[in-house]
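S.K.: one predicted model, sequence on top.
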Amino acid sequence: MIMKYLFIIDAPETLTFYKDSTVALIKECLNQGIEAHYANINSLSINQNRNVIVDSYHISSINALLKNKLKLKNKIQYFSKVFIRKDPPFDDSYLNLTFILEHAQNVNVEIINNPTSIRNHNEKLSILNFKDLIPPTIVSCKAEEINNFINKEEKVVIKPLDGMAGNGIFMLTPNDKNLNAILETSTKNGIKMLMIQKYIPEISKGDKRIILIKGEAIPFALARIPSKNDIRANLAKGGKGEARILTLGDKNIVKSLKAFLIKNELNFVGIDIIGNYLTEINITSPTGIVEIEEQTNFKAAQYIINAFK
């Protein structure tokens, strides 16, 4: 029986094909004879009988991702696996997707990751479950509280809870002349929550992305090293990616997360580590697969697809 995998993704024309992790996973499915389909976040519906219906496109080849216009309509149980690979922000559309996909679990469709857990575990806030692994951190929208934290820690990084790819991230110090203006803008005048963390100097050596599959790390991390003129290591902001063997410290952090991830069926995760600190647990569409494959002999996409067979 031919396996059929559905990938819920952003619009194909927004993907950077040569380095996109989802494209690499789809390509591996095709190599293994797995029938691959894609749908976008607004392609699912549900009726009074709790049947989840998907408008999807069959992927006959990677090139067909941009060309295929033949829409197929199936119940979600037509698919063996469903991979949620939609990038943040986690907005109302994303929220509603998780509500709909919860019903798909009633017909024994494996969804990666569990939609309830995606909804319940913010990629920034979830690190608070591991207070011994993270740098000094607060989450607030109150200027006074944030300023007090900055004065105490002397140098901090602020980031929005719903951001990705380095967007909205700033390094701040007590003497920064733009401090109040940045906080006003970032919090939308005290309405929007931010995560504020003590600045970790080891960022200069790289922000390591480690892919975890069913609680186990793949053998290599992708260290994203910021450019000379930026504190942000994200590849989308000019950071350089460098594959590295996991350190003992990396492995200890992975070990500390394993039970939590398995319990919550967060089976495809990308954690971020700076120095010896856990800074994020990415559960929506972790990346870094292509860069690791290009720099090592490890076939990351093959490993991941095989793990979910």
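M.R.: Looks like it arrived, so ask away.

S.K.: burial of the residue nearest to S80 when sequence neighbours are not counted, as a residue count?
M.R.: Counting by C-beta to C-beta, 6 or more residues apart in numbering, M3 is the residue found nearest to S80 once chain neighbours are left out, at 4.5 Å. Yep, even glycine has a C-beta here, placed from its N, CA and C like the rest. Counted by other C-beta atoms under 10 Å, the residues lying close to M3 total 16.

S.K.: so what's M3 up against?
M.R.: Contact partners of M3, counting by C-beta atoms under 8 Å, 6 or more residues apart in numbering, are 34-35, 80-81, 309.

S.K.: ok, which pair from these is furthest apart?
M.R.: E35 and K309 (13.5 Å; C-beta to C-beta).

S.K.: these two: which is more packed in?
M.R.: Ranked by neighbour count (other C-beta under 10 Å), E35 and K309 place E35 first, with 17 against 9.

S.K.: who's in contact with the closest residue to the more buried one other than its chain neighbours?
M.R.: Once flanking residues are discounted, E35 sits nearest to K4: 4.4 Å by C-beta to C-beta, 6+ apart. By C-beta under 8 Å, 6+ apart, K4 lies in contact with 34-37, 78-80.

S.K.: just those residues: which are in strands?
M.R.: Judged by DSSP state E, strands contain the following of the contacts of K4: 35-37.

S.K.: please, where are all the helices along the stretch 1-150 of the chain?
M.R.: 21-31, 92-104, 115-120, 143-153 (DSSP state H, counting those that start in this stretch).

S.K.: with distance to E294 added, can I get the ones you listed in TSV?
M.R.: Formatted as TSV, the helices of the stretch 1-150 of the chain follow (distance: least, C-beta to C-beta, whole Å):
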stretch	distance to E294
helix 21-31	10
helix 92-104	30
helix 115-120	29
helix 143-153	37
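
S.K.: the stretch 201-309 of the chain: helices as residue ranges?
M.R.: Using DSSP H, counting those that start in this stretch, helices in the stretch 201-309 of the chain cover 248-263, 289-295, 300-307.

S.K.: so what touches the last one?
M.R.: Helix 300-307 is contacted from outside by 21, 24-25, 27-29, 31-32, 34, 211, 213-214, 218, 220, 268, 289, 292-293, using C-beta under 8 Å, 6+ apart.

S.K.: quick check: mean pLDDT of that helix?
M.R.: The pLDDT scores in helix 300-307 average 98.

S.K.: please renumber the chain so that the first residue is 8 from this point on.
M.R.: In the new count, where the first residue is 8, that last one comes out as helix 307-314.

S.K.: how about it: buried residues?
M.R.: For helix 307-314, the buried set under the neighbour-count rule, 16 or more other C-beta atoms under 10 Å, comprises 307-308, 310-312.
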